[in-house]
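J.: pasted the sequence and its predicted model underneath.
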Amino acid sequence: MAGPSQPRLTHVAIPASDIDRSIAWYERFTPLRLLDRREEATGSSCWLAAPEPTDRPFVLVLVSYPAYREKPKPVLFPFAHIGIELPQRGDVDVVAELAKANDCLKWTVRDLPAPVGYVCAATDPDGNLVEFSHNQGIYDALQKKWGISD
C-alpha cells in the first residue's frame, strides 16, 4: 500500500476520559463513524472518520490513557474547535436542538458574517468544542483557488 503522493493533513488527536462515551457522542452528533479501535495494555484509542470514499481522508483520533481518565480536560476550548460543515441550513438547527436537549449546546444558532455563515457549537463529553456550520464557503474557496472539489 502506497502513501500519498504529496503531504496531506490526515488527523487531529485529542484525549478522551471515557472513549466509549466519546465515540457514542461523535457518532450521534457528527457524520463521523468508528473506523478503527485499538486496545493496548497502556490504554485505548480509536479513529473516527466520515464513511464516504475519498482520496483525502481526515480522521479524528481519540486517545484514552490513564492520565486522561481522571477528569475531562478540554483541549479545544474556549474558541479552538473542530469544524463540521453541514449540507443544509436546517441541519444546523437540528444539531442545535439535539445539543440543547443533551445539555451540551455551547453557542446558540446564529448567522455570522462571511466567511463564518450559519453556526452553532456543542461540547463533547470532555468539553471540547465542535462547531457545526452551513454556508461557510470553505469548499467554494478551494474550488475557486485550486480547482479542488468534494
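T.: Noted; the coordinates are in hand.

J.: may I have the phi/psi pair for Asp126?
T.: The phi/psi pair for Asp126 (degrees, to the nearest 10) reads phi -100, psi 10.

J.: the closest residue to Arg69 other than its chain neighbours - how many residues pack around it?
T.: Ranked by Cβ to Cβ, 6 or more residues apart in numbering and with sequence neighbours excluded, the top spatial neighbour of Arg69 is Ser17, at 5.1 Å. C-beta here means a position set from N, CA and C on the backbone, and glycine is covered the same way. Residues contacting Ser17 under the criterion other Cβ atoms under 10 Å number 16.

J.: helix or strand: which one has Ser17?
T.: Using DSSP states H and E, Ser17 falls within no helix or strand.

J.: and it, how far from Ser45?
T.: Distance of Ser17 to Ser45, computed by Cβ to Cβ, to the nearest Å: 13 Å.

J.: now do the shared contacts for those two.
T.: Common neighbours of Ser17 and Ser45 are listed as Ser64 (criterion: Cβ atoms under 8 Å, 6 or more residues apart in numbering).

J.: and the pLDDT for the residue nearest the centre of the chain?
T.: Among the residues of the chain, the one closest to the centroid is Ile82, at 4.7 Å (Cα atoms, centre = their mean). Ile82 is assigned a predicted lDDT (pLDDT) of 95.

J.: ok, it - contacts?
T.: Contacts of Ile82 (Cβ under 8 Å, 6+ apart): 12, 60, 76, 128-131.
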